[in-house]
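A.B. asks: need a 3D model of the sequence below.
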Amino acid sequence: MLFWRIPALAPCPAAENPWPRPVQGGKQGHCSALPRWPIAFAAKTGTSGAIGLAPACTPAGEGGQKRRLRLHGCETAPFTIRLDDLGYEVAGRPVLAGITLQSSARRIGVVGRNGSGKSTLARLLAGLIAPTSGQVRIGGHDVFRDRRAALETVGILFQNPEHQIIFPRVAEEIAFGLRQQGLDKAQAAARVEAVLRSFDKPHWKDAPISALSQGQKHLVCMMAVLAMRPQLLILDEPYAGLDIPTRRQLARYLHRAGTRLLHISHEPSDLETCDELFWLDRGRIVAQGAPALLLPDFTAEMIRLGELDDIADLAG
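C.D. replies: As a prediction, the model looks like this:
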């Protein structure tokens, strides 16, 4: 597994020309607003806030130089996720098609049933795979082609922490991404301790990963990603398979972090607090709006589908 970590100053997103918002095309059609190599291999990329991690616009690291983020009025430019006619195919079969979106919301949700293309969309947004057609821009960057910018811009949490964890002990796992970002051993160790303290988990430092529960492993992945201070954290159904107390505890940690989120889930309750929500169905965005308006329609449609037998249908 290859894991690239290169400290870099990304180009200012304010230098990019903003796109006009497309006109809503109705429920069936394009949405009117846009909103590591696999992450264990390429980007436990890591803006943190209330839990005690320095925000991305502060000095780059312990002993490091300050990031020059005031060019072109960058301190006031909105962070934007933009997709332009995005498509992705596997062996000639379309998985995603015609997705054109734009959003500067701090908490974006993507809801859809299993097989709708949600995880593929997450990997495209994280820069783990290249689109077959169209473009992805996260904070003004093509995160697949510009790996330097990707490491400073986006992080992702997967459904299964085993797909992300690669070291046997907690401190090693958190430190690895920091070393790849350019911190020396002492700086990485200091950051690890600060992160563990901010999560009230200093006693986890030397804990073996193998001794942790599934929920605790999810938390280690979260700490490792947030330690790297990403501008956007993508959540690809990270609560799948977890009980209600564990889900609520992990959600509370994310809320305390204050990080910009894009949360992908088939579970409506996970997305109720999002600022903007997109409904993905059969590889296309079919609706967009506030969760309070969209989730009841989504839930009703899922109940209707549950009365059918499309589980018997084979992929064409």
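A.B. asks: what segments of the stretch 51-200 of the chain are strands?
C.D. replies: Counting by DSSP state E, counting those that start in this stretch, one finds strands in the stretch 51-200 of the chain at the ranges 81-90, 93-103, 107-111, 133-138, 154-157.
A.B. asks: adding distance to residue 208, mean pLDDT and mean neighbour count, write the ones you listed out as a markdown table.
C.D. replies: C-beta: built from backbone N, CA, C; applies to glycine. Putting the strands of the stretch 51-200 of the chain into a markdown table (distance: least, C-beta to C-beta, whole Å; pLDDT from 0 to 100; neighbours: other C-beta atoms under 10 Å) gives the following:
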| stretch | distance to residue 208 | mean pLDDT | mean neighbour count |
| --- | --- | --- | --- |
| strand 81-90 | 37 | 96 | 19 |
| strand 93-103 | 38 | 95 | 19 |
| strand 107-111 | 34 | 96 | 25 |
| strand 133-138 | 35 | 96 | 19 |
| strand 154-157 | 21 | 92 | 28 |
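A.B. asks: now those strands as CSV including distance to residue 206?
C.D. replies: Below are the strands of the stretch 51-200 of the chain laid out as CSV (distance: least, C-beta to C-beta, whole Å):
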stretch, distance to residue 206
strand 81-90, 38
strand 93-103, 41
strand 107-111, 34
strand 133-138, 35
strand 154-157, 23
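A.B. asks: what's the closest of those strands to residue 126?
C.D. replies: strand 154-157 (4.4 Å; C-beta to C-beta).
A.B. asks: contact partners of the closest one?
C.D. replies: 39, 43-46, 122-123, 125-128, 138, 143, 164, 218, 221-222, 225-226, 228, 230-236, 238 (C-beta atoms under 8 Å, 6 or more residues apart in numbering).
A.B. asks: ok, now how distant is the residue nearest to residue 120 when sequence neighbours are not counted from residue 124?
C.D. replies: Closest residue to residue 120 apart from its sequence neighbours, by C-beta to C-beta, 6 or more residues apart in numbering: residue 95 at 5.0 Å. Look at residue 95 and residue 124: by C-beta to C-beta, to the nearest Å, they are 10 Å apart.
A.B. asks: which stretch among the strands of the stretch 51-200 of the chain comes nearest residue 285?
C.D. replies: strand 93-103 (5.5 Å).
A.B. asks: who does the closest one touch, helix- and strand-wise?
C.D. replies: Other elements packing on strand 93-103 under the criterion 3 or more C-beta pairs under 8 Å, 6 or more residues apart in numbering; DSSP states H and E are strand 81-90, helix 118-125, strand 284-289.
A.B. asks: quick one, that strand and strand 107-111 angle?
C.D. replies: 150 degrees (axes from the mean of the first three to the mean of the last three C-alpha atoms, to 10 degrees).
A.B. asks: please name the strands paired to strand 93-103 in the sheet, noting orientation.
C.D. replies: strand 81-90 (antiparallel) (DSSP bridges).
A.B. asks: all strands for the stretch 201-316 of the chain, in order.
C.D. replies: Using DSSP E, counting those that start in this stretch, strands in the stretch 201-316 of the chain cover 232-236, 261-265, 276-281, 284-289.
A.B. asks: redo those strands as CSV? Include mean neighbour count and mean pLDDT.
C.D. replies: Shown next, in CSV, are these (neighbours: other C-beta atoms under 10 Å; pLDDT from 0 to 100):
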stretch, mean neighbour count, mean pLDDT
strand 232-236, 25, 95
strand 261-265, 24, 96
strand 276-281, 24, 97
strand 284-289, 22, 96
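A.B. asks: tell me, what residue is most central in this protein?
C.D. replies: residue 234 (0.9 Å; C-alpha atoms, centre = their mean).
A.B. asks: separation between the residue lying closest to it once chain neighbours are set aside and residue 150?
C.D. replies: Using C-beta to C-beta, 6+ apart and skipping the chain neighbours, the partner closest in space to residue 234 is residue 156 (4.3 Å). Distance of residue 156 to residue 150, given as C-beta to C-beta: 10 Å.
A.B. asks: residue 209 too?
C.D. replies: Taken as C-beta to C-beta, the span from residue 209 to residue 150 is 25 Å.
A.B. asks: neighbour-wise, which of the two wins?
C.D. replies: More neighbours surround residue 150 than the other of residue 209 and residue 150, with 28 against 18 (other C-beta atoms under 10 Å).
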